[in-house]
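Enquirer: Need coordinates for the below:
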Amino acid sequence: MNTSLSDADPTDYAVLIAASHAGTCIAVVGAVLNGALLASAVRHRATIIIGRSAVSLLIAIILALSLLLAVLSAVLNELWVYSVTAPGVDNLFDSLLYTEGVDTTLSSLVYLVLHALFSANLLLALERHWLVRFGKSVSKITMWLVFAVGTIFACFTSASLFLSVSSTSNTLHHVCVLIFGLFVQTGVDWGWLPLGKPYQNVTNSYEIAPMQSTLFLMGLSYFPLAAVAICFVYENTYFQIATIFENCVELEESVPDNNLDLDKRSCPSSQHNVAIQRAALVRCVLMSVGLVVWYCPSIIALIASVVDENIEMWVNEYIWTIVLFGVMPSFDAMWTFLVIMLFQPDFRNALGQDVGLLLAKISNSVSRRNKSERTAD
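Expert: Residues are numbered from 1 along each chain as shown. So this is what the prediction gives:
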């Protein structure tokens, strides 16, 4: 929620606090569901992950990253609420969320996980494309390259948040200052919670230094680039599947009915494989749709606010925009859980088995306790 509303109407703050609590509830529910599903996947890893295609491993990684982001989102929401409601906190800048080092660490961690999440979804798109086009998994070199590029962009974002010179700055800060030439003390504007924006901490203002904005925009540019790359790969994969299907149909029509050519007889099987690949593609696309729906609006608005201050003034003017940008990311974990449960039968069956075993143990425990009570009577 937007922390620059220090002089906002009390009603607006009440709405923001309620929205923060709502975002926390949504994030906690998603975290619990993802945690249960991830625990089942780890417990059944021999049949779900190990020895299977990289798709299952990437889905497990996406599940873990969504879980971590949900936890961070809930923590940040409640810290913000505490910062504006706690007794004795006269100023937002006196709260834990604005403590030097704590704010930049939390914000940097959010961006690091978010970069990893976008990288994992890009790899999922590449894996599906490789399986369709080449019939094999994407190479490990490609995997490491994608994560390395995401890490480099994450370093730019973290640099914009961490680089500072203050009374508590350590040697690493001073070394980074010498490298990047940034001579300001930084803080985090949580106006786009759970996403933060660095600012120059001068008289508690929200001015962003030129070098900060450059590094920050360089780091944020990874998100639209990755989103475009994901869309491009999925589009290419779709047309690849369509081409295979059309070739199969043309082959079937070109061979006479009385011809027992092997290609003719294998065509129905090829069509079946195409249908399977198309269904798998749809599942992967839905997995990545959450990134566009839940995060991209906030990221695009955040980039625009750095480029043009009028954008942030416009966002601050309407309470619904602040609530919208603050609550939407909380839905990601729940969306991830629903998509996996609907379209990944291995994960769904593993969770179903574990839940069944747990209910059976509870039932047996209750039955034994009832028997012991009746015996005692």
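
Enquirer: just checking, Val188 is part of a strand?
Expert: Yes - assessed by DSSP: H, G, I helix; E, B strand; the rest coil, Val188 belongs to a strand.

Enquirer: Contacts made by stretch 349-368 with the rest, please.
Expert: Applying CB atoms under 8 Å, 6 or more residues apart in numbering, the contact partners of stretch 349-368 are 36-37, 39-41, 43-44, 47-48, 341. Every C-beta, even on glycine, is put in place using the N, C-alpha and C of the backbone.

Enquirer: Using neighbour counts, pick out the buried residues of that stretch.
Expert: Neighbour counts over stretch 349-368 (16 or more other CB atoms under 10 Å) mark 350-351, 354 as buried.

Enquirer: and that stretch, how far out from the chain's middle?
Expert: Using CA atoms, centre = their mean, to the nearest Å, the distance from the centre of stretch 349-368 to the centre of the chain it belongs to is 31 Å.

Enquirer: begin at 21 from here
Expert: Will do, 21 is the new start, and the previous item becomes stretch 369-388.

Enquirer: Only alpha carbons, please: show it as PDB.
Expert: Output of stretch 369-388 as PDB, limited to C-alpha atoms (Å, rounded to 0.1, in the frame of the first residue of the first chain):
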ATOM      1  CA  ASN A 369      -2.800 -37.600  -7.100                       C
ATOM      2  CA  ALA A 370       0.200 -37.200  -4.800                       C
ATOM      3  CA  LEU A 371      -1.700 -34.600  -2.700                       C
ATOM      4  CA  GLY A 372      -4.800 -36.700  -2.700                       C
ATOM      5  CA  GLN A 373      -3.000 -39.700  -1.400                       C
ATOM      6  CA  ASP A 374      -1.300 -37.700   1.400                       C
ATOM      7  CA  VAL A 375      -4.600 -36.100   2.400                       C
ATOM      8  CA  GLY A 376      -6.300 -39.500   2.400                       C
ATOM      9  CA  LEU A 377      -3.500 -41.000   4.600                       C
ATOM     10  CA  LEU A 378      -3.800 -38.000   7.000                       C
ATOM     11  CA  LEU A 379      -7.600 -38.300   7.200                       C
ATOM     12  CA  ALA A 380      -7.200 -42.100   7.800                       C
ATOM     13  CA  LYS A 381      -4.700 -41.500  10.600                       C
ATOM     14  CA  ILE A 382      -7.000 -38.900  12.200                       C
ATOM     15  CA  SER A 383      -9.900 -41.300  11.900                       C
ATOM     16  CA  ASN A 384      -8.000 -44.200  13.500                       C
ATOM     17  CA  SER A 385      -6.700 -41.900  16.300                       C
ATOM     18  CA  VAL A 386     -10.300 -40.800  17.100                       C
ATOM     19  CA  SER A 387     -11.600 -44.300  17.000                       C
ATOM     20  CA  ARG A 388      -8.900 -45.600  19.400                       C
END
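
Enquirer: could you list every residue that touches Ser128?
Expert: Going by CB under 8 Å, 6+ apart, Ser128 touches 177-178, 181-182.

Enquirer: State the pLDDT value of it.
Expert: Ser128 carries a pLDDT score of 88 in this model.

Enquirer: count of residues packed around Gly55?
Expert: Applying other CB atoms under 10 Å, we find 17 residues neighbouring Gly55.

Enquirer: And the helices in the stretch 271-397 of the chain?
Expert: Along the stretch 271-397 of the chain, the segments classed as helices by DSSP state H, counting those that start in this stretch run 282-310, 316-327, 329-337, 339-347, 352-363, 365-396.
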